[in-house]
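I need the structure of the sequence given here:
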Amino acid sequence: MDIVREHTAGSPQHDIRWTNLRQPELAKRISATGLKVSCRIVRQLLKKHGFVSRQAQKKKSFKQHPERNPQFENITALKARYLAAGQPVLSMDTKKKEMLGNFYRSGKLYTREPLAVWDHDFPSYSEGKVVPHGLYDIGLNKAHVNLGTSRDTTEFACDSVARWWSLHGRRDHPHATQLLILCDGGGSNPSRSTLFQQDLQSLANAIHLEIRIAHFPPYCSKHNPIEHRVFPHVTRACEGVVFQSVSLVKQLIERTQTSTGLRVTVDILDRVYETGRKITQEIKSSLRVVTDAFLPVWNYTVMPNCDA
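Below you'll find the model as predicted:
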């Protein structure tokens, strides 16, 4: 322990300790004391003293909403109830936007020639952007990603659900009368936005389903199922590849698969979405939104308009 003392740190409150010395460096320092050891012996010594190679994990929230746990319990109960009734349950979120062009992306590839990309990621050099919007069917373990080329708006999110329904949902759930969507409370699906409810109303009218929304509490986006069941595998399928076009991104994401049977389908939504849209009082009064008695800001149902 004396050898790593100057390269060891930790938390005095929780006794978390770490060293930034690598095994060859440790072996060299130990050998300098007159005791020649190999990297294998160093691994054994590290294990004996409780040192394990670990990576920092994003598990601590900045804040915790007082209704955090009750909402998680509510989401769990809703999900179980809808699945038991044979109704579809979707986990929805937008993945990180990417610029198209000769830009750096993390990851490695086997290539015959070096991959040279721009040394700066200036948006003015891009040939466009891609906005991956993901939908994960929890009951069927299927995912669908719509690639937008414009902005991540509430209208884009609802169009993405409509496209999923027309391509897959209608066939996979022929007897569905309701749809439960689990999503964050910000981005293109904000919990306090009447504009989002307006676009949900248009969606419900178009697909003729009752759409129930359950928002995750603030600072809890990592608990959204799509975040850990789909997006990491999509990232792995695209690692290291320079995104030159939307069609290339589509091909890469379509290769996503897991040992548990997950498959991902991809479509392109090549439409321009506007920002700064306003909702009139007339439209607001026509919305058929039924809020729950429990945490109504995070839980509500949009009823389809029979006259639409």
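
what's the domain layout of the protein?
Taking automatic domain parsing as the criterion, the chain consists of the domains 5-48, 68-302.

how about a markdown table for these, with mean pLDDT and mean neighbour count added?
Heads up, the C-betas are built off the backbone N, CA and C, glycines and all. Compiled in a markdown table, these are given as follows (pLDDT from 0 to 100; neighbours: other CB atoms under 10 Å):
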| stretch | mean pLDDT | mean neighbour count |
| --- | --- | --- |
| domain 5-48 | 77 | 13 |
| domain 68-302 | 96 | 17 |
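
nearest to Gln57, of these?
With CB to CB, the closest approach to Gln57 among the domains of the chain belongs to domain 68-302: 10.0 Å.

could I get the contacting residues of Arg192?
The contact partners of Arg192, taken as CB atoms under 8 Å, 6 or more residues apart in numbering, are 185, 297.

you'd agree it is in a helix?
No. Arg192 is assigned coil when assessed by DSSP: H, G, I helix; E, B strand; the rest coil, not a helix.

with Gly186 as the reference, measure out to it.
Distance, Arg192 to Gly186, using CB to CB, to the nearest Å: 9 Å.

returning to what we had before: including distance to Ala56, could the domains of the chain go into TSV?
What follows is the domains of the chain, written out as TSV (distance: least, CB to CB, whole Å):
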stretch	distance to Ala56
domain 5-48	10
domain 68-302	14
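
of all those, which one comes closest to Lys58?
Counting by CB to CB, Lys58 lies closest to domain 68-302 out of the domains of the chain; the figure is 6.5 Å.

which residue, other than its chain neighbours, is closest to Ala204?
With sequence-adjacent residues excluded and distances taken as CB to CB, 6 or more residues apart in numbering, Ala204 is closest to Pro304, at 4.3 Å.

sorry, back to before: quick one: closest of the domains of the chain to Arg54.
In terms of CB to CB, the element of the domains of the chain nearest to Arg54 is domain 5-48, at 8.0 Å.

how far off centre is the closest one?
Chain-centre distance of domain 5-48: 37 Å, with CA atoms, centre = their mean, to the nearest Å.

which residues does His133 contact?
Taking CB under 8 Å, 6+ apart as the criterion, His133 is in contact with 92-95, 145-148, 152, 156-157, 160, 188, 269.

that's a strand at it, yeah?
Yes. Going by three-state DSSP, the assignment for His133 places it inside a strand.

show residues contacting stretch 197-213.
Residues from elsewhere that reach stretch 197-213, judged by CB under 8 Å, 6+ apart: 78, 82, 154-155, 157-158, 161-162, 165, 169-170, 176-181, 183, 189, 279, 283-284, 286-289, 299-305, 308.

picking that back up, any idea which of the contacts of His133 is the one closest to Arg236?
The nearest one, if we look at the contacts of His133 relative to Arg236 and count by CB to CB, is Lys95, at 12.8 Å.

spatially nearest residue to the closest one, not counting backbone neighbours?
With sequence-adjacent residues excluded and distances taken as CB to CB, 6+ apart, Lys95 is closest to Pro132, at 4.1 Å.

and the helices in the stretch 1-150 of the chain, which stretches?
Remark: helices assigned in the stretch 1-150 of the chain by DSSP state H, counting those that start in this stretch are 23-32, 39-48, 68-84.
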